[in-house]
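>>> quick one, fold the following:
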Amino acid sequence: MGKFPQVDVELRSERKKGAMGRLRRAGKVPAIIYGREVDNQLLSFSVDRAHAVTHAHGIVELVVAGGEVRPVLVRHVQRDYLKQTILHVDFQLVRMDEKIRNAIPVSPLGHPMGEVKGGVLEQFMFQVEVECLPADLPDLIEVDVSGLDVEQIIAVSKLPLPPNVVAVYNDPDMPVFACAIPRAETEATATEEAEGVEPEVIEKGKKVEEGAAGAEAKK
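Here you go, the predicted structure:
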């Protein structure tokens, strides 16, 4: 087996629901492969390889009966949301010499240094779109967050990416991770501070009223 996960597939011709139902009952998953300058082609593969297919964020090699190998990306997985079974998969054929874009999961490593001050790690982006050649496409982007202090962020433009891989974004300052004090604690602190100031204001008001009352009595 090469660098990429491989999945044996079979060509199929029937498109009707009944045919796809028979495939699923036989332990197979219907699929389609499409791409630029190629005709769409109907496929099926063993449900035993479903994990390798649906958890792949990089290139998957489809091995067609006869030995032909086709590099593809998984573009869409249709599921039965009650049974969580896979109903259908869309594959996109890629050229290994052309750059592609794909969304890659982002995962933190370590614990922020700001945790000792009451901060907690917040994650705002769980996937980041990247552009590169298919062979350079990572399965996962791991980010060391141990240097994060309270009120600090790691922006999408600062993500550590493998060589020849670039992130695609509109805002370079978009946060991916942050270390922040929980809102409940912040609100509690603000409330305590407000309550500490309020009695002085009330007391001052009382003195003003008492002074006014005394002046009225002298009259």
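
>>> nearest residue to the residue nearest the centre of the chain other than its sequence neighbours?
The residue lying closest to the centre of the chain (C-alpha atoms, centre = their mean) is Phe126, at 2.4 Å. The spatially closest residue to Phe126, leaving aside those adjacent along the chain, is Val106, at 6.1 Å (C-beta to C-beta, 6 or more residues apart in numbering). In this view, the C-beta of every residue, glycine as well, is placed from N, C-alpha and C.

>>> contacts for the strand or helix carrying the one you found?
When elements are assigned from DSSP states H and E, Val106 belongs to strand 100-109. With contact meaning C-beta atoms under 8 Å, 6 or more residues apart in numbering, strand 100-109 is reached by 57-58, 73, 94, 121, 123, 125-134, 137-146, 159, 168, 176-177.

>>> mind jotting down where the helices sit in this structure?
If you assign secondary structure with DSSP state H, the helices in the chain sit at 17-25, 50-54, 183-218.

>>> rank the ones you listed by pLDDT, which is bottom?
Among the helices of the chain, helix 183-218 carries the lowest mean pLDDT, at a mean of 52.

>>> now do the domain split for the protein, please.
Split into domains by automatic domain parsing, the chain comes to 6-93, 100-181.

>>> the ones you listed: lowest mean pLDDT?
domain 6-93 has the lowest average pLDDT among the domains of the chain, namely a mean of 86.

>>> any idea how far the residue nearest to Phe124 when sequence neighbours are not counted is from Gly119?
Counting by C-beta to C-beta, 6+ apart, Phe124 lies nearest to Pro175, which is 5.0 Å off, once chain neighbours are set aside. Separation of Pro175 from Gly119 (C-beta to C-beta, to the nearest Å): 14 Å.

>>> who has more neighbours, the two?
Between Pro175 and Gly119, counting by other C-beta atoms under 10 Å, Gly119 is the more crowded of the two (21 against 16).

>>> quickly note the distance from that one to Met20.
The span separating Gly119 from Met20 equals 51 Å under the rule C-beta to C-beta.

>>> now Met125
As for Met125, its distance to Met20 is 35 Å (criterion: C-beta to C-beta).

>>> the more surrounded of those two?
Here Met125 and Met20 are compared on neighbour count by other C-beta under 10 Å; more neighbours surround Met20, at 19 against 16.

>>> the more buried one touches Pro30, doesn't it?
Yes. With contact defined as C-beta atoms under 8 Å, Met20 reaches Pro30; the gap is 4.6 Å.

>>> re earlier: off-centre distance for the strand holding Val106?
Relative to its chain's centre, strand 100-109 lies at 7 Å (C-alpha atoms, centre = their mean, to the nearest Å).
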